[in-house]
Structures are given as structure tokens and as C-alpha cells.
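1. Build the 3D model from these lines:
(2 chains)
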Amino acid sequence: MAGRSRGMSWGRRLTIAVPYAWLAVFFLLPFIIVLKISFSEPVIAQPPFAPQWDSLSAAWAHITNPVLENYTFLFSDPLYVNSYLNSLQIAGISTLLTLLVGYPMAYGMARCSPTWRAILLTLVILPFWTSFLIRVYAWIGILKTEGLLNLVLLSIGVISEPLEVHLTPTAVYIGIVYSYLPFMVLPLYASLEKLDGSLLEAAADLGARPLTVFWRVVLPLSLPGMAAGCFLVFIPAVGEFVIPELLGGASTQMIGRTLWSEFFQNRDWPVASAVAVLLVLVLVVPIVIFQKIARRGGTG
Amino acid sequence: MRRGPGPTLAAMMVVGFVFLYLPIVILVLYSFNESKLVTVWGGWSLKWYGELFQNDALLNAARISILVAVTSSTLAAVLGVMAGITLARVPRFLGRTLFSGMVLAPLVMPDVIIGLSLLLTFISLSLDRGFLTIVIAHATFSMCYVAVVVQARLAGFDRSVEEAAQDLGARPATVFWRVTLPMIAPGVISGWLLSFTLSFDDLVIASFVSGPGSTTLPIKIFSSVRLGVTPEINAIATILIGLVAFGTLAWSISLKRALARGGD
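-> Numbers count the residues shown, from 1 in each chain, chains lettered A, B, ... in the order given. Below you'll find the predicted structure:
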């Protein structure tokens, strides 16, 4: 650009500085504050933690002498360790299930005529625009003991006792797969749509059976889309709050719920902050990988 | 890839789409149910819609949600356009890696973390919790979506058009209003709509940063859902789904018309 040799124009500087400053104050600074509070001790006061950074020397004294009790507490109480492991397990299994449901949909869409592609694409995106909370709520009426699923299954005689699905991990799996399915289908479709048809024909001409073509050609070429979709489902699912709260019972303790109750019920800000810091640490590796994929344009 | 899906694949697709839509259809159907019980069909009725319009607390929450969504998505559109242009058009500046990281991270960051960290920040800055804090919180994560959409749109356009305008003597501001903005306009509009939806739908972040007088619609819905399924919630859900379906339909028809006219 012509401006580069003369240094940046004022307009350009402002275009960089305004969003940069906004994100620094409302995205980066909040993390630093959470980090700081996670190394503070709870006190009965307003705000309910100490020490306060009211002077530079107080801040320095705190940094050099942080309170580690919140973290040792998290590791000593199995409740917290279990809810981290539980979240990772539930998110992992749900991601695989979403892939199993989403892949045939995306692959089928990519093989349709352009008119059908446009219609089906709109149908995949449409639920994304409707309220997440309401879509999760819709499953309560279906899954609860006196709900529609049991009503139908009992009346056609498949089961003789109502199934207990609502308030179990199964309901949480269903809720996550249902809510995040568009996030899986869209990047998969984007990578499958770009697939060169002549490659498939070449494989078929050389004598590969359709299933072999799929395993040896289609699947490997759609790996970037698969990876993008899996991360888009896995990362938010680990920290999910609404789905386990509404569909899972007391037994499905996920870390988002733990953080929520630590903050709103126990009002222990330092422990809630420590839970948040550890959750970010758990998610850092998948987030960095996801950003690498996103930058390479894997999300389409 | 134009051979059409085979029968097995087609069947799997049908199952997938039924799974995606059946719960919504059931939800809408039961909003017209006379009976209060979900499993009993008591005949068609509009009585839950009638009750909905008498529920002042719910209507007030809806009003607040609309106000928050309009304000925050407009703010997010402005900030997001700036961030998107920066990412697409400025290859090198101090802290670019940090900047692009800050734009992408909120897209996948769990809501509970964004909510908690922003609340603690507002308290540290002694900002009173209420309308303003919800708007700031929503604008912060929405601007990242706008930025990504705008960046993607700009990446598809050659820089030479902007450079030509500049070489012909247009000032940077003129280049922006007359060349860049028209190019990214569809992206800005869909970014604004996306921001509106995300804001209107957000429960977790708003629960952290809202104050006593600023209960949004999702917070209100959530507190009544916790007490059980009620047809009134089905009714409000149906209205929301209807609005979205209508909006999407209008959008795609206007897009088709624009395409038929030979526009973009």
C-alpha cells in the first residue's frame, strides 16, 4: 500500500488501535484479573478476596508471595478433579458421536445437485440462528420420564417400563450432539464440497470399489474439515453449562457447572477463579491447534 | 461429486435432518396445546399465547433483550469491521500475533470463563452491573465474529481496487466509504445479524454481568425452565422460531433477487 513508505496514516493507526485497545481491556485484562484473584485468599469483605492491589508495592508483594491454597484445594478435593475429567470425557465422546452423525450429512450434501445443496445448507444453518436455550429445553419435554419418547415407545410396545433418560449422561450426550451438529457439518461440508470429482473417478477407473474410494480418497482429503469440526465441538463442549444443567442430573458434574456453583452458591471468588484458570490451561492446547487450522483456512 | 448420494447415504441424511428438526416441530406443536401437560393433547388452543402477553415480567425481559442486542451488535459491527480490515490488510504491526489471537480466542472460549472474568473486571473498575455491562460483554465476543466474517470477505477481494482508488487521489477515508465498505457490506450485515442472535440468545455471560434491573429474556426463560416445562415457554419459543424462519426466508429471497439483478 502506498501509505507504507510514508508510515501509517492516522486512520489506519486508529483502525488498529481501537479494536486492539477494546480487546486488551475487555478480553486480556479480565484474564489477568482472574489469574490475580485465583492467587488471593477469600475474606468476608467487599470485594471478598485479599490482598487488594491498591499500590504498586502491594501488587509486587502479592506477586512475589502468591496464595497457592486455592490450587492445592482443587487438587485435594476429588469433586474438582472428577468434574474436569468428566467434562473431558463427555466432550470427547460427544464430539465423536457428532462426527458420526454429521459426516454422512455433510458427505451426502456435497454429492447433491447445487439446488439441493443450497436448500440443505440453509436447513443446517437455520437451527444455529434459533435460540440454543430453547433447543435444549425442547429435549426436556421429549426425554423426561412422562415425556414423549416414553409415551411413544410404551404405546408401540417396544418397552414395558419407562426409560430414565432425562437427568442422565445419555441426555447430555444427546443435547451436545444436537446443539453442536451444525458446527460439525459446516466445516466438513466445506472441505468435502471442494473435493475434486475426477480423483474419485480415477480411483473408480483403476478398479477401487466405492467403499475403498471412500476410505482411501474421500476420508483422508476431508481430514482438515474433520479436525476443524471436532475442535469447534470439543472446546465449547468442555465448558458447557446449560446442557448439563438442564438435561444432566446431579451425577453429571461438568466443570462449567462447578465454576457456576462455586461463584453463585458458595460465593468463593478465589476458588471460582482458580477453576477458571485451570479450565483455560486444559483448553490451551486444543485452542492453539484450532487457531492453526483456522489460519490455514481449514474452516472454509 | 455430482453423482447424488446413494440410498444408504440418503437414508442417513434423512435421519440426521429429522433429528435436527423433530424437537423443534414438537415444541411448536405443543405451544398450541390446550392442556398444560406435555404428554396430553387437549386440542388446539391459543391460550398460552394469550397468557404470554399478560406476563409483564417476560415482556419486559424481551424488551431489555432487544435493546441490548441492537446496541451491542451495532457496537460489535463497528469494532469488528476495524478488526477485520486490520487482519486482512495490515500484514505487519507490533503485537499482530497477540491481536489475531485475541480475535480468535473468544470464538471458542467457554461462556462461563468470559462471564466470570468480565464480571470480576467490571467490579475492579467499579462499573455498576446492568444494561451497560451486558452491552460491553456482548459487543466483546460479537466483534470477533464480525471480524472473522469481514476478514474472510476482504481476503476474497483483490487489494488492487483500493490501491487504484488511492492512486487516483482518493483520501484514505474516501477509499474506505466508497470502495472498501461497499465490498464488505454483505459481510457486515450478516455479522450484525449474527451478533444480534448471539446477544439475544446469551444466557451464561448475561447471568454473570447483569444487575437487578436488567434481567434479559434468556435469564427469565432459564429460571422458569428450571421449575419445569410450561406451555407458555413453548409459546414464546414458537414466536422466536417463527421470527427467525421468516427472517431467513426474507433474506434468502432478497439475496436471490439481488443475484437475479446481477448484483452481488
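
2. I figured residue A:74 was touching residue A:82, is that so?
-> No - counting by CB atoms under 8 Å, residue A:74 does not reach residue A:82; the two are 11.2 Å apart. Bear in mind the C-beta positions are built from the backbone N, C-alpha and C, glycine included.

3. Name the nearest residue to residue A:174, sequence neighbours excluded.
-> Distance criterion CB to CB, 6 or more residues apart in numbering or on different chains; nearest residue to residue A:174, sequence neighbours excluded, is residue A:139 at 6.5 Å.

4. Distance check, residue B:156 against residue B:183.
-> Per CB to CB, to the nearest Å, residue B:156 is found 9 Å from residue B:183.

5. Those two: which has the busier surroundings?
-> When neighbours are counted by other CB atoms under 10 Å in any protein chain shown, residue B:156 and residue B:183 differ, and residue B:183 comes out ahead with 17 against 10.

6. can you tell me the helix or strand for the more buried one?
-> helix B:181-201 (DSSP states H and E).

7. quick one, phi psi at whichever residue of the stretch 151-300 of chain A sits closest to chain B?
-> The minimum distance from the stretch 151-300 of chain A to chain B, using CB to the nearest CB, falls at residue A:239 (2.3 Å). Per-residue torsions, residue A:239: phi -100, psi 10 (degrees, to the nearest 10).

8. Leaving out chain neighbours, which residue sits closest to it?
-> residue B:110 (2.3 Å).

9. mind listing what's buried in stretch B:240-249?
-> Residues B:240-241, B:244, B:248 are the ones in stretch B:240-249 that count as buried (16 or more other CB atoms under 10 Å in any protein chain shown).

10. does chain A sit close to that stretch?
-> Yes - against chain A, stretch B:240-249 shows contacts by CB under 8 Å from any CB of the partner chain at B:240-241, B:244-245, B:247-248.

11. Check those and tell me the two furthest apart.
-> Distances among those were taken as CB to CB; the most separated pair is B:240 and B:248, at 12.7 Å.

12. what is the rounded mean pLDDT of the longest helix seen in chain A?
-> The residue-count maximum for a helix in chain A (DSSP state H) belongs to helix A:78-110. Averaged over helix A:78-110, pLDDT sits at 94.

13. list the helices and strands it packs on?
-> Helix A:78-110 is packed against helix A:69-76, helix A:114-129, helix A:169-193, helix A:223-238, helix A:255-264, helix A:269-295, helix B:7-31, with contacts defined by 3 or more CB pairs under 8 Å, 6 or more residues apart in numbering or on different chains; DSSP states H and E.

14. Of the ones you listed, which is nearest residue A:19?
-> helix A:269-295 (17.6 Å).

15. buried sites along that closest one?
-> A:269-280, A:282-283, A:286-287, A:290-291, A:293-294.

16. filter these down to the ones near chain B?
-> A:269, A:272-273, A:276, A:279-280, A:283, A:287, A:290-291, A:294.

17. Can you give me the pLDDT of the single nearest residue of the stretch 101-250 of chain B relative to chain A?
-> Closest residue of the stretch 101-250 of chain B to chain A, CB to the nearest CB: residue B:110 (2.3 Å). Residue B:110 carries a pLDDT value of 88.
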